[in-house]
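[1] Here is a sequence with its predicted model. Questions after.
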Amino acid sequence: MADMTLVRHLIGGEWVGDPAVERRNPFDDSPVAVIAQGDAVVVDQAVASAADAQRGWADRPAPARGAVLLDAAELLRSRQRDVAADLVREEGKTLAEAMGEVRRAIDVLRFFGSLGWRPSGEVLPSGTPSTMVYTRREPLGVVGLITPWNFPIAIPAWKMAPALVSGNTVVIKPAELTPLSVHHLVSALVDAGLPAGVVNIVNGQGSVVGEALCAHRDVAAVSFTGSTAVGEHIRGVVQARRGRVQLEMGGKNALVVLDDADAMVAAQLAAAGGFGLTGQACTATSRAIVTPGVYEEFVAALTAAAAAISLGDGLADGVGMGPVVSDDQLDTDLKALQQARADGTVSGGERAGVRLLHPAVVTGLDHDHPVATDEVFGPVITVLPAANLNEAIDAVNHSAYGLTAGICTRSLASAQHFANRVQAGVVKVNRPTTGLDLNVPFGGVKQSSSNTFREQGATALDFYTWSKSVYLGHDL
Ligand code: NDP
């Protein structure tokens with residue numbers, strides 16, 4: 001890949017727009033890409049192009065639509081290392097993490113490509129003689145996708161693939177910090193034969209491009225992943241014009257550790273969930289809620305696990321954690337650590353380079369402290385005490401968010417009680433709060449999600465389609 005890639009918009013099959021804004025590597029500020037900046041006019045062109053292409057794309061048999069995704073998967077597979085290296089350069093995660101993420105995008109394309117062959121409705125008995133009743137899933141039309149920087153290729157893939165195989169056309173606005181990964185994903189689709197106009201990209205600012213996309217009357221639906229504040233704003237804009245909206249937003253995910261758990265194993269799970277991906281995952285372990293019998297041992301083991309993580313350039317061998325993505329995010333992390341130091345104890349959390357930050361373990365805070373309640377989105381785990389399982393469940397649920405929740409225990413009864421009572425879209429027993437299978441419905445409750453349509457797995461197709469019932473009399 002060239003050192004400096006030009007990232008343009010894609011409209012009607014043409015790469016357009018003069019690249020204007022530079023994206024630099026969060027590790028060392030070396031230049032990565034120059035990006036075209038769109039506005040409402042460019043959004044208008046993109047939506048018109050998507051609308052023109054939609055009927056022809058929807059008229060293709062679903063297996064033929066799926067075949068394009070399957071071919072794109074193979075192309076992305078052949079480019080995996082280069083695409084992953086660019087992802088590291090623009091976002092900062094380690095190469096191993098980026099390879100895994102690109103692999104996820106490939107598998108998502110394969111999964112939804114294959115779903116082109118799946119039955120897409122059902123045949124129902126009719127109360128009327130000589131009548132057959134069946135349902136069809138119809139595409140919505142043009143859908144808008146707005147995506148964050150932290151999984152810059154996987155999230156666009158898991159929104160785009162179900163949209164496309166269902167017969168929709170797409171306008172995507174990637175996060176400003178990470179447009180190169182979307183460029184690579186869509187390039188694979190284009191090179192696999194995706195017709196012009198079926199996917200359109202408009203780069204630029206969320207407050208300009210994203211806003212125009214949400215407000216556009218020809219955009220039937222908007223699927224958004226990002227912060228709760230922006231998501232709730234988008235909900236208002238899209239619903240005001242009666243559009244369909246799907247929001248996956250922030251989290252304050254907790255891992256409960258009970259006395260009967262192995263403290264060392266639990267600490268490894270917490271570290272994987274809280275410090276992997278530099279803590280910049282919506283499913284990251286942000287709180288560890290620990291019962292008294294194992295508390296001291298757990299804190300010691302987690303602190304040791306944090307101290308053992310080597311920081312550096314995500315592309316370098318042996319690096320366990322890359323930089324924080326941006327100065328803004330680093331500022332948020334440092335402010336949280338400052339607050340935590342003022343009211344409790346912090347182990348780690350020192351800066352080690354331009355945007356390198358040692359993972360931090362925070363103790364001595366109340367459950368109501370802002371560091372224990374607000375999303376940090378950095379490598380910071382707050383350890384909080386709970387007297388027993390029920391108190392731990394109350395503490396988990398004492399959150400505005402409800403994305404993932406985990407528990408470490410050897411007791412099946414405790415695990416099941418936890419799974420039944422906890423307010424979270426995903427529950428993990430003896431597994432990190434991060435890490436999802438692509439075939440399993442994913443989404444949150446409370447302020448983590450619009451909690452209407454789930455993403456991922458075959459369930460994801462529901463958001464991108466509507467159901468039509470057909471009564472077929474055959475006695476004319
Ligand atoms: P933001 O909410 O800041 O941005 C998300 C996207 O929305 C970006 O493309 C952004 O553009 C765009 N945007 C910003 N303002 C508007 C607007 N007014 N109208 C339309 N679009 C707009 O989130 P981040 O990118 O900072 O991502 C981190 C957040 O994402 C965290 O809160 C995290 O928890 C959440 N997240 C949730 C996941 C989930 O599945 N629940 C998964 C991953 C992340 P721009 O880049 O130009 O600002």
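    It's in. Numbers count the residues shown, from 1 in each chain.

[2] Provide the secondary structure category for the spatially most central residue of the chain.
    For the chain, the residue nearest the mean C-alpha position is Ile155 (4.6 Å; Cα atoms, centre = their mean). Three-state call for Ile155 (DSSP: H, G, I helix; E, B strand; the rest coil): helix.

[3] Tell me if I'm right that it and Pro148 touch.
    Yes: counting by Cβ atoms under 8 Å, Ile155 touches Pro148, with 6.6 Å between them. All C-beta spots, glycine's among them, are computed from the backbone N, C-alpha and C.

[4] Would you mind listing the residues touching both of those two?
    Common contact partners of Ile155 and Pro148 (Cβ atoms under 8 Å, 6 or more residues apart in numbering): Thr225.

[5] Residues of this structure that sit close to the ligand?
    By the rule Cβ under 6 Å from any ligand atom, the part of the chain lying against the ligand is 146-151, 173, 175-176, 205-207, 210-211, 214, 225-227, 230, 233-234, 248-251, 282, 375, 377, 403, 444, 448.

[6] If any of these are buried, put those into a PyMOL selection.
    Of the residues of the chain next to the ligand, the buried ones go into a single PyMOL selection, burial set by 16 or more other Cβ atoms under 10 Å:
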select buried, resi 146+147+148+149+150+151+173+175+176+206+210+211+214+225+226+230+233+234+248+249+250+251+282+375+377+403+444+448
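
[7] among the residues of the chain next to the ligand, which are in helices?
    Glu211, Cys214, Val230, His233, Ile234 (DSSP state H).

[8] Need those in CSV (columns: pLDDT).
    Formatted as CSV, these follow (pLDDT from 0 to 100):
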residue, pLDDT
Glu211, 98
Cys214, 98
Val230, 98
His233, 98
Ile234, 98
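
[9] Let me see the contact set for the residue of the stretch 1-150 of the chain found nearest the ligand.
    In the stretch 1-150 of the chain, the residue that lies nearest the ligand is Pro148 (3.2 Å; Cβ to the nearest ligand atom). Applying Cβ under 8 Å, 6+ apart, we find Pro148 in contact with Ile155, Ala175, Thr225, Gly226, Ser227.

[10] And the pLDDT at the closest residue to it other than its chain neighbours?
    Distances taken as Cβ to Cβ, 6 or more residues apart in numbering put Gly226 closest to Pro148, at 4.4 Å, once the chain neighbours are dropped. Note for Gly226: predicted pLDDT of 98.

[11] can you pull the contacts of Gly226?
    Gly226 is in contact with Ile146, Thr147, Pro148, Ala175, Met249, counting by Cβ under 8 Å, 6+ apart.

[12] Could you check how far the first one is from Glu91?
    Read that as Ile146. Ile146 sits at a distance of 17 Å from Glu91 (criterion: Cβ to Cβ, to the nearest Å).

[13] The last one too?
    For Met249, the distance to Glu91 under the criterion Cβ to Cβ works out to 19 Å.

[14] do the same with Phe111
    Going from Phe111 to Glu91 by Cβ to Cβ gives 23 Å.

[15] Between the two, which has more neighbouring residues?
    The neighbour count for Phe111 versus Glu91, taken as other Cβ atoms under 10 Å, is higher for Glu91 (32 against 24).

[16] which residues does the more buried one contact?
    Applying Cβ under 8 Å, 6+ apart, the residues contacting Glu91 are Pro26, Ala98, Trp149, Asn150, Pro152, Leu177, Thr178, Ser181, Val325.
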